[in-house]
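S.K.: structure, please.
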Amino acid sequence: MVHYLCFVQEGQVADRRRDELAAGLARLGRETFGDTPDGVEIRWTAVPAGFGFTAGEPSTASLVVRSVPVGWGDAPRAAFMRAVCDLWRAVTGCSADEIMVTAFDGPLPV
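M.R.: Now for the predicted structure:
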């Protein structure tokens, strides 16, 4: 099973557009890794309002975490992470500073 962990700010655009973002993540997983629809789990965590801050202001940032095959190269890893950022920006209208993507080697400890 492939896991995505998505941390979004409660009430922000990413929180309200989960279905569209999930469909995009599933598509990127199929295109990049050959993921099957029944082999993907996307877990969402909404950070409660008032609990996430950036530079002393309420945060609007999101974090997406996914595992990749052990030893996967830097170039395809970077391309995948850019594609996730592009998806997030297209769906939510966020800036490049409001989306963080991490791609860990091997399975996530979920």
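S.K.: return the distance of stretch 14-29 from the chain's centre.
M.R.: 8 Å (CA atoms, centre = their mean, to the nearest Å).
S.K.: an error on my part: the question was meant for stretch 90-106.
M.R.: Per CA atoms, centre = their mean, the displacement of stretch 90-106 from the mean C-alpha position of its chain is 6 Å.
S.K.: what's next to that stretch, contact-wise?
M.R.: Stretch 90-106 is contacted by residues 12-14, 17, 20-21, 24, 60-72, 77, 80-81, 84-85, 88-89 when judged by CB atoms under 8 Å, 6 or more residues apart in numbering. Every C-beta, even on glycine, is put in place using the N, C-alpha and C of the backbone.
S.K.: got it, and stretch 66-75?
M.R.: 2-5, 25, 29, 33, 77, 80, 84, 101-108.
S.K.: what is the end-to-end distance of that stretch?
M.R.: Terminal residues of stretch 66-75 lie 16 Å apart, using CA to CA, to the nearest Å.
S.K.: can you check stretch 12-24 too?
M.R.: 18 Å.
S.K.: which element follows whichever helix in the chain runs longest toward the C-terminus?
M.R.: If you go by DSSP state H, the chain has its longest helix at helix 74-92. Sequence order places strand 99-105 as the next helix or strand after helix 74-92, per DSSP states H and E.
S.K.: mind listing what's buried along that next one?
M.R.: Ile99, Val101, Ala103 (16 or more other CB atoms under 10 Å).
S.K.: the helix or strand bottoming out on mean pLDDT in the chain pairs with which strands, and in what direction?
M.R.: Here the helix or strand of the chain ranked lowest by mean pLDDT, DSSP states H and E is strand 53-54, holding a mean of 84. The strands that strand 53-54 pairs with in its sheet are strand 57-58 (antiparallel) (by DSSP bridges).
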